[in-house]
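# how does the following fold in three dimensions:
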Amino acid sequence: DEIEALKQQVEALQRQLQAIQAELDEQQAKSASKDDVQALKKEVKEVSEVHSEWKEATSVVHLAGYGAVGYTDNEDTKGRFSQVLFAPIFHYQYQDLMMLESELEITNDPDGETSTALEYLTLDLFLNDYITLVAGKFLSPVGQFRQNIHPSWINKLPSAPPGFGHDGAAPISDTGLQLRGGFPLASMRSNYALYVANGPELDAVSEDGEVQLEGIMAEGRTSDVDGDKVVGGRFGLLPVPALEVGLSFITGKAAVTEFDMAGISGEPSRDYDVIGGDFAWQWRKLSLRGEYVRSKVGADDSGGPTASAGAKWETWYTQAAYRFLPTKLEGVVRYTDFDSPHAAEDQKQWALGVNYLFASNVIAKIAYEFNDGQVGASSDADSFLAQIAYGF
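Sure, this is the predicted structure:
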């Protein structure tokens, strides 16, 4: 009997232990569940904070740009695929205060090598709704072509007008400070740009015992050998939304820094002046535009190794483009007259083109240039061009 009673007590104790263990397991499960809930709440809070920060971001990053592939067949050279271009454009904006913008130009050279150039890089400080301070290397605000029209997917033809390239009449870029913006003027709208920058540099050659200016290197250099700055700008007026007219100027000094003979240094500065005018008009599916630019360099009679007479580069073009709806075809015609100090570079050009717009930012172009220049010079050779361009 005593043994039986002990067995019953042991069994009772075992049931009590089982009950206690079950209660402990239940409490542990509840505790674990609470921990999980707390962890989930913490995760939701973190996600919410990130989402809130995204909605109220202080910085915005944006990538744009364009690419192009081109083909050229000149009278004096064999046909070739002459252009492979990638031009990414970066924008980094901080609130409504500052934006960094930059364009790279990456090209495939004739020898198969890759070249990379900094087209522009500026820090834009938004002072108010009407004024932005621009610092760095910027595209020349003289005229419309260089600052607004030159990207391949915007330009209606596969080429730039003569005189709007390197060593032409129109400057390409500048390095310095610029104020630009726009404001209403009575019932019209206006825009402006005013800047100070390093002066351009001059290239000179010696021919038949005389020194001649070869070209103006106006490509936004960070050097300024004579320390003399240039001041320039443009004022544009829109009397009606479909029409804009603009006037441009640059004035300052420039010095010869490249010479085909002995090394030079300390050459005196020359007067450097640019004037320009432009217009753009849109009427239904017809767009008309034109520009005039004249760059003039003064004489140097100091008797130094690069002393020479002054020189003048002058160019103008007018262009018409018409979209044949409901098709995706567009016709283009452009006439340009470029005068240089060198007869071999003078050129009159008619360019006729047909474009096919797959989309507003995807365009295929074919064009033929009828060139009239000095007989035997490259400026006299007619050209067939083709290009496909994409802007993003």
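
# just for the stretch 51-200 of the chain, where's the confidence low?
Within the stretch 51-200 of the chain, the segments meeting pLDDT under 70 span 51-57.

# one more pass at 90, please.
Scanning the stretch 51-200 of the chain for pLDDT under 90 picks out the ranges 51-59, 75-78, 165-168.

# so who does D372 touch?
The contact partners of D372, by Cβ atoms under 8 Å, 6 or more residues apart in numbering, come to 347-349, 380. In short, each C-beta sits where N, CA and C put it, glycine included.

# just give me the closest of the residues you listed to N355.
Comparing the contacts of D372 against N355 with Cβ to Cβ picks out Q349 as the nearest, at 18.2 Å.

# now the closest one: closest residue in space, sequence neighbours ignored.
T336 (4.7 Å; Cβ to Cβ, 6 or more residues apart in numbering).

# helices and strands around the host helix or strand of that neighbour, which ones?
Per DSSP states H and E, T336 falls inside strand 329-339. Using 3 or more Cβ pairs under 8 Å, 6 or more residues apart in numbering; DSSP states H and E as the contact test, the elements touching strand 329-339 are strand 311-324, strand 347-359.

# quick one: buried residues of the shortest one?
What that stands for is strand 347-359. Within strand 347-359, the residues scored as buried using 16 or more other Cβ atoms under 10 Å are 347-349, 351, 353, 355.

# just how off-centre is the helix or strand following that strand within its chain?
Sequence order places strand 362-373 as the next helix or strand after strand 347-359, per DSSP H and E. Remark: strand 362-373 is offset 23 Å from the chain centroid, using Cα atoms, centre = their mean, to the nearest Å.

# please apply the same query to stretch 216-225.
18 Å.

# what sits opposite the residue nearest to the spatial centre of the chain in the beta ladder?
In the chain, the residue lying closest to the centroid (Cα atoms, centre = their mean) is E103, at 4.9 Å. Counting by DSSP bridges, E103 forms beta bridges with I89, Y120.

# verify the stated contact: it with E119.
Yes: under the criterion of Cβ atoms under 8 Å, E103 makes contact with E119 at 4.1 Å.

# anything in contact with each of these two?
Residues touching both E103 and E119 by Cβ under 8 Å, 6+ apart: A87.

# dump the residue contacts of K137.
K137 neighbours (Cβ under 8 Å, 6+ apart): 118, 120-122, 173-175, 220, 222.

# please, a PyMOL command that selects the buried ones among those residues?
Selection of buried members from these for PyMOL, criterion 16+ other Cβ under 10 Å:
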select buried, resi 120+121+122+173+174+175+220
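
# possible to save the contacts of K137 as a markdown table with secondary structure and distance to L238?
Output for the contacts of K137, formatted as a markdown table (DSSP: H, G, I helix; E, B strand; the rest coil; distance: Cβ to Cβ, whole Å):
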| residue | secondary structure | distance to L238 |
| --- | --- | --- |
| L118 | strand | 32 |
| Y120 | strand | 25 |
| L121 | strand | 29 |
| T122 | strand | 24 |
| S173 | strand | 25 |
| D174 | strand | 25 |
| T175 | strand | 29 |
| G220 | coil | 28 |
| T222 | coil | 35 |
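
# save the helices and strands packed on strand 329-339 as CSV, and put in distance to Q8 and mean pLDDT too.
Output for the helices and strands packed on strand 329-339, formatted as CSV (distance: least, Cβ to Cβ, whole Å; pLDDT from 0 to 100):
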stretch, distance to Q8, mean pLDDT
strand 311-324, 103, 97
strand 347-359, 91, 97
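
# to K42, which of the ones you listed lies closest?
That would be strand 347-359 among the helices and strands packed on strand 329-339, by Cβ to Cβ, at 47.3 Å.

# quick one: residues in contact with the closest one.
156-159, 161-162, 323, 328-338, 363-373, 379-380.

# put the buried members of these into a PyMOL selection.
Buried members of these, defined by 16+ other Cβ under 10 Å, are picked up in PyMOL with:
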select buried, resi 156+157+158+159+161+162+323+330+332+333+334+335+336+337+338+363+365+366+367+369+371+373+379+380
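
# can I assume G70 sits in a helix?
No: applying DSSP: H, G, I helix; E, B strand; the rest coil, one finds G70 to be strand, outside a helix.

# I'd like to know how far it sits from S159.
As judged by Cβ to Cβ, to the nearest Å, G70 and S159 stand 9 Å apart.

# which residues do those two both contact?
By the contact definition Cβ under 8 Å, 6+ apart, G70 and S159 are jointly contacted by L385.

# let's verify A344: helix, strand, or coil?
Per three-state DSSP, the secondary structure class of A344 is helix.

# sorry, wrong one. I was asking about A87.
The three-state assignment at A87 reads strand, by three-state DSSP.

# how about Y195: what's its closest non-neighbour residue?
Q178 (3.7 Å).

# can you pull the phi and psi angles for the one you found?
Here is the backbone geometry of Q178 (degrees, to the nearest 10): phi -140, psi 140.
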